[in-house]
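> Sequence first, then the predicted structure:
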Number of protein chains: 2
Amino acid sequence: MTTIVDDLLALLRPDQVATDIPTRELHAHDDAEWAPYATPLAVVHAESLDDVVAVMRAAHATGTPVVPRGAGTGLSGGANAVDGCLILSLARLTTIREIDPAERYAVVEAGVINDDLRAAVAEHGLWYPPDPASSARSTIGGNVATNAGGICCVKYGVTRDYVLGVTVVLADGSVARLGRRTAKGATGYDLTGLMVSSEGTLGVVVEVTLRLLPLGGREPRAVVGSFASLTDAGRAVAAVMADGIVPAALELVDRTCLEAVERWQHLGVPVGTTAVLLASVDEPGAAGDAVADRVDAHLRAAGGATERAVEPAEIERLFRARRLAYPALERLGPVLTEDVCVPRGAVPEMLARIEAIAAEHDVVIATIAHAGDGNLHPLIIAPEGDDAAKARAKLAFDRIVAESRLLGGTVTGEHGVGLLKLDGAAAELDPVVLAMHAAVKAALDPRGILNPGKAFPATSTVTSEQQEQP
Amino acid sequence: MTTIVDDLLALLRPDQVATDIPTRELHAHDDAEWAPYATPLAVVHAESLDDVVAVMRAAHATGTPVVPRGAGTGLSGGANAVDGCLILSLARLTTIREIDPAERYAVVEAGVINDDLRAAVAEHGLWYPPDPASSARSTIGGNVATNAGGICCVKYGVTRDYVLGVTVVLADGSVARLGRRTAKGATGYDLTGLMVSSEGTLGVVVEVTLRLLPLGGREPRAVVGSFASLTDAGRAVAAVMADGIVPAALELVDRTCLEAVERWQHLGVPVGTTAVLLASVDEPGAAGDAVADRVDAHLRAAGGATERAVEPAEIERLFRARRLAYPALERLGPVLTEDVCVPRGAVPEMLARIEAIAAEHDVVIATIAHAGDGNLHPLIIAPEGDDAAKARAKLAFDRIVAESRLLGGTVTGEHGVGLLKLDGAAAELDPVVLAMHAAVKAALDPRGILNPGKAFPATSTVTSEQQEQP
């Protein structure tokens, strides 16, 4: 009897189908190793659309689960292996097929790295805004599957806002070319948008058409404020937004982060600083200077000590604490990354609750936040090998998710549900909405082989309508 | 035996269920009376979410088709009555529930008029950008169902870009609260986005949560150019976009439109003008002046004679030809409104082909275009009562759709498929994509009672997978 792996070895080159244990273990999970994962049957490296079609046909014929994977930088376990699955890697699909400066779009394969795309389009005077922290490693396909965000979102939106079209391979191996290349279009359902953030559960993203912006016309200026209290920093955020300002970035770094960075790199953060707000505005010319002045005034009025920068190197220096926060914390132990989003006015209250949860569960939680969007990343650290601390960290994680909901928020701002947020999503989405998810999934992947168990929680109940179905 | 109308009369007040012939005929079609329509069984005026639930439950129990309707300003027949249907009007749902300046969103009922929303949020220093030409009459629910666009889209996007969440009543009367109020969110599938542009075929939109922008910070300036040839105007559009400029509007009005406006209102358009380009830029301060200068230079370099305006009344005067184009043409006879979208570089070629099609079919076609988006509205005029001319107009319509596809375009930029673009959509969407539409529709509306036959063409073929389904 032949297995699916035999089938794939007959269809693809040997170096495209890895069955050795080290490769399988290396691809068993993404950056959410806190979430459950299995060891895959094999790791398949697609090098073309036809390869993906062949893999899906073979998987479909045998009912084999397929977990699509880009660079594996996901933080919710969306690419973690499930029992008896193939890992289908798109990482070798790295061709930038087309960059059209006149129409302002690019067509790229799924495995193109975010930073590589940004560099390539910059040569044509174009800009791809979405800038997840993983941009040096993460792929456009993964960015689309999770609807990746970043620092720019407060002004320039998320991945979804830039996806004009996708070529996806469906569960049965058929190829769907969704979307368009024109600036506008309203033909039929937005199935392109349905694929974005569906975490590989509805189709395998192979090619993406991305809307681009002109590279020029922006003149970044940084305004950074140091605050003695979280509440003051929160008041500053509220004041900036209430004044009708749309900052190009509005980030917050809390005391625990600052201390970790300071111990490592000695940046000279003022003593007594509880939170730093890092704002940038990018309107050109004197109008931009005036907006920066207004941001500065709001930060000072809320009690902040401010610094300003215009030169790129100086802006980079001021934003350094933000950039170094994650690696500084990883030095302290494995990091469990949270990703809740609350109304931006609730950021100070959410930060206070996170501090209380840290104390209650005796874990270290450092928070960086896209404050202008209300999107917080509490980073929960448990020392290596301390299983009790790890258990406490998971309890703290669940409490943060619950508190975000109580403040009118959502359980994931930009990392997706994956496996880590299934319980949170079950609390956030009501039974009718969960049943809609299940119905759409069943319509497009009737055998349930595409990344099963991810992106939304299974429903134990069905609607009366579904019961009536044959 | 009781009928569905008896059921509704038992559930609602008598003035909510109109069965008189004049009311039924008045609601038999939207502004696309060229598309087929029937006379509905009754017109039901919902006044609450509960009313919509009651109507859908009754319709579901009896298998009665339901056609949701806002103001009936649609241009593709999306709200045209089908045989034996109820027209479910949301026009009485006019409550603005919430405007939150700090979080920059509004929650409104489906029947709120676009202009009323814009006026209400302006009082809070906020702006709702989407500005369809129908904004004085069309409802937010209709705007969402069709993903309405407008002049602002070239810089500020379409309705889809502003919809954070929707409350919809599904085919079986269950209520789905989709989306969120936070600035970001990635919990589950984007079912909110799936509802946008689904033309009432997947659910009845009852309430919408809309993202808003600050009202201030924009300083509009107009640059208007008169061109002796379409090619010159097209070169000007290409030059503006290639220069990395993002205009706040970039509209084109062709000779036939200009002549109709001139005969009616005598605006003094220069003799020999074949096309007028109307641009606006809205960056504040000297930077905005500089961008306006660049636009002006590009228009002149392409052979345009330009005028500038900064004062609102002057801008309004320069844009008057655009605003008056549609009413000026309606004076000549019933207007069949096209809505193709091509790559913006293909606008001159598309305009030339439209002129050729007009000559070939002996019909008057006047074109206004959102040139910066490549979105053209050829307006085909047939004299009242001239059935032969009407038949020729429909042939010209089909030819324009076909030519837009040959130029890499899409059959509808912003009006939706409705009934008028079913053939075009069948040509544009491949069988796999059409099968996906049918599968999603069947998953969410298994009895097919919600606006049947609209938004996408029926597939006569099914995939092997669907055949295997029980």
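Sure thing, it's come through. Numbering: from 1, shown residues only, chains lettered A, B, ... in the order given.
> Just the CA trace of the helix or strand hosting A:K390, in PDB.
Per DSSP states H and E: A:K390 is located in helix A:387-406. This file holds the C-alpha atoms of helix A:387-406, laid out as PDB (Å, rounded to 0.1, in the frame of the first residue of the first chain):
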ATOM      1  CA  ASP A 387       7.100  24.500  34.400                       C
ATOM      2  CA  ALA A 388       5.200  26.100  37.300                       C
ATOM      3  CA  ALA A 389       6.000  29.600  35.900                       C
ATOM      4  CA  LYS A 390       4.900  28.400  32.500                       C
ATOM      5  CA  ALA A 391       1.600  27.300  33.900                       C
ATOM      6  CA  ARG A 392       1.100  30.600  35.700                       C
ATOM      7  CA  ALA A 393       2.000  32.400  32.500                       C
ATOM      8  CA  LYS A 394      -0.800  30.600  30.600                       C
ATOM      9  CA  LEU A 395      -3.300  31.500  33.300                       C
ATOM     10  CA  ALA A 396      -2.200  35.200  33.000                       C
ATOM     11  CA  PHE A 397      -2.600  34.900  29.200                       C
ATOM     12  CA  ASP A 398      -6.200  33.800  29.600                       C
ATOM     13  CA  ARG A 399      -6.900  36.500  32.100                       C
ATOM     14  CA  ILE A 400      -5.600  39.200  29.800                       C
ATOM     15  CA  VAL A 401      -7.800  37.900  27.000                       C
ATOM     16  CA  ALA A 402     -10.800  37.900  29.300                       C
ATOM     17  CA  GLU A 403     -10.100  41.500  30.600                       C
ATOM     18  CA  SER A 404      -9.800  42.800  27.000                       C
ATOM     19  CA  ARG A 405     -13.200  41.500  26.300                       C
ATOM     20  CA  LEU A 406     -14.600  43.200  29.400                       C
END
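> Remind me what that helix packs against, helices and strands.
strand A:335-337, strand A:340-341, helix A:347-361, strand A:375-381, helix A:422-428 (3 or more CB pairs under 8 Å, 6 or more residues apart in numbering or on different chains; DSSP states H and E). C-betas here are computed from N, CA, C, even on glycine.
> Now with 6 Å, please.
Using 3 or more CB pairs under 6 Å, 6 or more residues apart in numbering or on different chains; DSSP states H and E, the elements in contact with helix A:387-406 are helix A:347-361, strand A:375-381.
> Which element is encountered next along the chain beyond the longest one?
Elements were assigned by DSSP H and E; along the chain past helix A:347-361, the next helix or strand is strand A:364-370.
> Contacts only, for A:A71.
Applying CB atoms under 6 Å, 6 or more residues apart in numbering or on different chains, we find A:A71 in contact with A:137-139.
> Tell me what angle the helix holding A:K390 forms with strand A:375-381.
Calculated by axes from the mean of the first three to the mean of the last three CA atoms, to 10 degrees, helix A:387-406 forms an angle of 160 degrees with strand A:375-381.
> Tell me how many other residues surround the nearest residue to A:P378 once chain neighbours are set aside.
Among residues not flanking A:P378 along the chain, A:E338 sits closest, at 4.2 Å (CB to CB, 6 or more residues apart in numbering or on different chains). Neighbour count of A:E338, defined by other CB atoms under 10 Å in any protein chain shown: 25.
> which phi and psi does A:E338 have?
For A:E338, the backbone dihedrals (degrees, to the nearest 10) come out as phi -90, psi 170.
> Can you give me the first-to-last residue distance of stretch A:116-133?
In stretch A:116-133, first residue to last residue: 14 Å (CA to CA, to the nearest Å).
> So which bits of it are buried?
A:116-118, A:120-121, A:126-133 (16 or more other CB atoms under 10 Å in any protein chain shown).
> Using a markdown table, lay out these together with distance to A:P312 and pLDDT.
Shown next, in a markdown table, are the buried residues of stretch A:116-133 (distance: CB to CB, whole Å; pLDDT from 0 to 100):
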| residue | distance to A:P312 | pLDDT |
| --- | --- | --- |
| A:D116 | 21 | 98 |
| A:L117 | 21 | 98 |
| A:R118 | 16 | 98 |
| A:A120 | 21 | 98 |
| A:V121 | 19 | 98 |
| A:L126 | 19 | 98 |
| A:W127 | 15 | 98 |
| A:Y128 | 19 | 98 |
| A:P129 | 17 | 98 |
| A:P130 | 20 | 97 |
| A:D131 | 15 | 94 |
| A:P132 | 21 | 95 |
| A:A133 | 19 | 92 |
